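S.K.: okay, structure incoming, though there's no sequence with it:
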DNA sequence: CTGAAAGCGCTTACAG
DNA sequence: CTGAAAGCGCTTACAG
């Protein structure tokens, strides 16, 4: 079988012009039924498939979307890859993966731009918004996923974003914990400079403040498993212990629960309540049954795709879409206030 | 800023030919220091980046590798995406993601081929080997990841693969379990027709047979979490219970452990020993501490990339690389034979 | 509806 | 080392 079958080859066999071949493979182009049939037959026998690269070169649309991520340890992100990729595939787009740490960011950016991608989804907490701006300047739509552009005014105008309502989520967590009688509320932070982390913490703190309270303790887990273990140990290194901890995401919350129960011998939720954020599949696993704030990956992905389309169609205005979130109650927060129980086991 | 800066634009500004521009961006091409400097300066001021699509069209190398997967629920696969993507990026290649169920396989294939990818990594258990053959026929290198080509002789010659030593892994599990005094050994299968599952089971069964034993019970979990829960319930629906179960992968083993302990009130490893396969990060989590067979993602990815390069350089012979694996002992298998303990708690 | 022709942005012999 | 030119495989006005 000949390796690179071109439209020219098909045209020759079908005894039509190369244009005719191109037209039968271009949805909406005008070809007679007869020509189309001749072409299809020839294409079939030769095993012809249009060269997407050549097409992209001339149409100036690659139908490729770059997806930039920094790490997949947190199961939330694989979910995003899966849903985004599937959704985009259905619309004839494809996802080019870029895994990037902060230090390689510039190289990655150049590569992305070279591939003439139609859009970029940045789901990496560590990449600076300045990079997003560079892309936007190059005329490539950018949507920030699960983070918000930083306060630099320049960036704001050129970049869209989708996040869940992190602030409200943080508030809901504090409200729940307070209602259930927890009083010494700690916060286990993710990355200090991540907008997601900041919003969640701000919502949490605001409710505490409104109740005349303050965060009891605070440590940083850097969104990593081992970081969260370490932070949990610090949070509970001396009494009186916090009686509840809001962890900035599920991935870290699970690490925290293991330390609490297995290393420190504390009971969840009796001795200490734990709440996470994301609702990754593991949060529902029997050994954790984590009460957490649900971020709908589907909704966030839908919004992302919509935003991408808007920008690709030349919308000038960028938008920051905020997807609603809600708490799912499992077993890591007690159902009724019973502060005595909590105290009697420390 | 002008959006599409071309080599022509740079040439004009630098007062050199377009060829000169191309050469300074082609590693190894002969350009004088002086010309290169003029070009670089002009490129810098215009913000020029070579168009990878145009380059690919003429060099016939896209430097894109397609990665086909079916689902990312099992954390093993996100790890593969991460490592493979990073490794390939370092070599100037990029990963185009394809998430595909069995029924969309043909469509996916066509799209892959249209993008003129330089190679394909198939890490989907569900895609038939026939598809791999089609790609190989089209002259595109294919390497099967974590699976082996089926017995069709045609496929064998055109497709490489990398797996860990699943057969030996299965044997090691049976040997460990027997040595620790477990006698009623059950197998919780993944997908019946997956080569990975078959090999693991065959190794396991062979050792039992050599010891004059047979698998005590067997159920199928389809590599899914809920499937594994269901299968575990069936395995333990009537006494005498199995005293150990080898689960075809960690993802299912974790589901099984939760059912065993939380639903059935059995202790692991005292009442029942559990062994998995893969060593995903979750297997090491405190609540599971799963004893399992380690498949090195790094090693498998390295082998995959090597195989890809071989085939891209026109190697005619395909190879099936088998990466060694080993057992990591944690706490889901007891350390010493003590069959009495196991019996007294059923 | 159809074909000839121009052109997308590059690389690479070829001749100097 | 350098430039003019051909060509990668397509799409799309343009004229018929």
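M.R.: Perfect, thanks for sending it. As the structure is a prediction and not an experimental result, all values here were calculated from the model.

S.K.: quick one, grab the pLDDT at the residue of chain A found nearest DNA strand C.
M.R.: Nearest residue of chain A to DNA strand C: residue A:30, at 2.3 Å (CB to the nearest atom of the strand). Every C-beta, even on glycine, is put in place using the N, C-alpha and C of the backbone. Listed pLDDT for residue A:30 reads 86.

S.K.: list the contacts of it.
M.R.: residue A:23 (CB atoms under 8 Å, 6 or more residues apart in numbering or on different chains).

S.K.: what parts of chain A come near DNA strand C?
M.R.: Proximity of chain A to DNA strand C, by CB under 7 Å from any atom of the strand, involves residues A:16-20, A:23, A:30-32, A:34-35, A:54, A:57-58, A:60.

S.K.: and these, which is closest to residue B:210?
M.R.: Distance to residue B:210 across those (CB to CB) is lowest for residue A:54, with 59.2 Å.

S.K.: how is the closest one assigned, secondary-structure-wise?
M.R.: Under the three-state scheme (DSSP: H, G, I helix; E, B strand; the rest coil), residue A:54 adopts helix.

S.K.: rewinding a little: any idea which helix or strand carries the residue of chain A closest to DNA strand C?
M.R.: Element membership for residue A:30, per DSSP states H and E: none, as it lies in no helix or strand.

S.K.: same question, residue A:246
M.R.: Assigned by DSSP H and E, residue A:246 falls in strand A:244-247.

S.K.: walk me through which strands that strand pairs with, and which way each runs.
M.R.: strand A:185-189 (parallel), strand A:273-278 (parallel) (DSSP bridges).

S.K.: centre of the chain to the longest one, how far?
M.R.: If I follow you right, that is strand A:273-278. 18 Å (CA atoms, centre = their mean, to the nearest Å).

S.K.: ok, back up a step: least confident pick among the residues of chain A next to DNA strand C?
M.R.: residue A:30 (86).

S.K.: now that residue. Its backbone dihedrals?
M.R.: Here is the backbone geometry of residue A:30 (degrees, to the nearest 10): phi -90, psi 110.

S.K.: can you check the one 5 residues further on too?
M.R.: Here the main-chain torsion angles of residue A:35 (degrees, to the nearest 10) amount to phi -60, psi -50.

S.K.: now it: how far from residue A:250?
M.R.: Between residue A:35 and residue A:250 the computed distance is 57 Å (CB to CB, to the nearest Å).

S.K.: more neighbours: those two, which one.
M.R.: Using other CB atoms under 10 Å in any protein chain shown as the criterion, residue A:35 and residue A:250 rank with residue A:250 on top: 26 against 17.

S.K.: next one: the closest residue to that one other than its chain neighbours from residue B:101, what distance?
M.R.: In space, and not counting its chain neighbours, residue A:250 is closest to residue A:276: 3.9 Å by CB to CB, 6 or more residues apart in numbering or on different chains. Separation of residue A:276 from residue B:101 (CB to CB): 30 Å.

S.K.: more neighbours, these two?
M.R.: Neighbours per residue, other CB under 10 Å: of residue A:276 and residue B:101, the larger number sits with residue A:276, 29 against 13.

S.K.: show me where chain A has its strands.
M.R.: A:64-69, A:94-99, A:119-122, A:142-145, A:160-164, A:185-189, A:217-220, A:244-247, A:273-278, A:291-294, A:320-323, A:326-328 (DSSP state E).

S.K.: give me whichever of those is most buried.
M.R.: Most buried of these by mean neighbour count (mean count of other CB atoms under 10 Å in any protein chain shown) is strand A:244-247; its value is a mean of 30.

S.K.: quick one: contacts for the closest residue in space to residue A:337 that isn't next to it in sequence?
M.R.: Distances taken as CB to CB, 6+ apart place residue A:181 nearest to residue A:337, at 2.6 Å, with adjacent residues excluded. Shown in contact with residue A:181 (CB under 8 Å, 6+ apart): A:334, A:336, A:337, A:338, A:339.

S.K.: what do you get for residue A:112?
M.R.: Applying CB under 8 Å, 6+ apart, the residues near residue A:112 are A:66, A:68, A:96, A:98, A:120, A:135, A:140.

S.K.: these two touch, right, residue A:220 and residue A:227?
M.R.: Yes - here residue A:220 reaches residue A:227: they are 7.4 Å apart, a contact under CB atoms under 8 Å.

S.K.: one step back: mean pLDDT and distance to DNA strand D added to the strands paired with strand A:244-247, as CSV?
M.R.: Shown next, in CSV, are those (pLDDT from 0 to 100; distance: least, CB to the nearest atom of the strand, whole Å):
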stretch, mean pLDDT, distance to DNA strand D
strand A:185-189, 98, 50
strand A:273-278, 98, 41
